[in-house]
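1. structure for the following, please:
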Amino acid sequence: MSKVAVVLAGCGVYDGAEINEAVLTLLSLEQQGAAYQCFAPDIEQLHVVNHLTGEVSEGEVRNVLVEAARIARGNVTDLALANVEEFDALVVPGGFGAAKNLCNFAVSGPDMSIQSDFLRVAQDFHAAGKPIGLICIAPVMAAAICGEGTNCTIGNDIDTAAAITAMGGQHLDCPVTEACVDAERKLVTTPAYMLAEGVGQAYTGISQCVREVLALV
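-> So this is what the prediction gives:
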């Protein structure tokens, strides 16, 4: 049985991990016979967003690891403690937290930097030849993890695709129900809620992404 590390970026689409994407990732892994362990960095979120209004809650502070525990039902580990040797693959759901907490793409665009614990873990997976799945907006980190020329997708958003190109990646348009596979680098990406109009569409693409990741193990 393959064992997969799943990295969560908090809890909530606007400031953390996209909850539907995270749950569908865990469901897909279980349905396809893989075990998993959730991780999250023990850091403060960039900010907290009121999901009713979409406005930033000024003065409110939340911790990414503590928030991720809401999705993982408490079974989540500090990303700094992740040991790549214990896992066969890495999968990262999207949500703005991937672009705000795992990296700062939401603020800095192509000049982004990646959170140190996440970058170490992700690059260790790549260096070990173990497959990685990046979902939704998370593929903006693909070239930083897997190297220049990495093929990836966020769907078909022109501006985000241009940013990926500026950072050394190769963006490929992809429908929401499919996944893009860079077999050479063992990277799989899918648009999910970059394009999805409902949970069913998101599930189809995420399930395909998980299937392709496990096929590369």
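2. flag every buried residue along the helix ranked longest in the chain.
-> Counting by DSSP state H, the longest helix found in the chain is helix 199-215. Going by neighbour count (16 or more other Cβ atoms under 10 Å), the buried part of helix 199-215 is 201-210, 212-214. For the C-beta atoms, the positions are set from N, CA and C on the backbone; glycine is no exception.
3. can you check stretch 114-132 too?
-> 114-115, 117-119, 121-126, 130-132.
4. give me the buried positions along stretch 150-167.
-> Under 16+ other Cβ under 10 Å, the buried positions of stretch 150-167 are 150-157, 160-161, 163-164, 167.
5. what does it contact?
-> 105, 109-110, 112, 134, 136-137, 139-140, 142-144, 168-176, 179-182, 185, 187, 189-191, 194-195 (Cβ atoms under 8 Å, 6 or more residues apart in numbering).
6. wait, what's in contact with Ser207?
-> Ser207 touches Leu24, Ser28, Gln31, Gln32, counting by Cβ under 8 Å, 6+ apart.
7. how far away from the center of its chain is the longest helix of the chain?
-> Distance of helix 199-215 from its chain centroid, counting by Cα atoms, centre = their mean, to the nearest Å, is 13 Å.
8. dump the residue contacts of the nearest residue to Ala9 once chain neighbours are set aside.
-> Nearest non-adjacent residue to Ala9, counting by Cβ to Cβ, 6 or more residues apart in numbering: Gly97, 3.0 Å away. Residues near Gly97 by Cβ under 8 Å, 6+ apart: Leu8, Ala9, Gly10, Gly12, Asp15, Gly16, Ala17, Glu18, Gln45, Val64.
9. dump those residues to a markdown table, plus pLDDT and neighbour count.
-> Shown next, in a markdown table, are the contacts of Gly97 (pLDDT from 0 to 100; neighbours: other Cβ atoms under 10 Å):
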| residue | pLDDT | neighbour count |
| --- | --- | --- |
| Leu8 | 99 | 34 |
| Ala9 | 98 | 33 |
| Gly10 | 98 | 34 |
| Gly12 | 98 | 22 |
| Asp15 | 98 | 26 |
| Gly16 | 98 | 31 |
| Ala17 | 98 | 37 |
| Glu18 | 98 | 31 |
| Gln45 | 98 | 23 |
| Val64 | 98 | 28 |
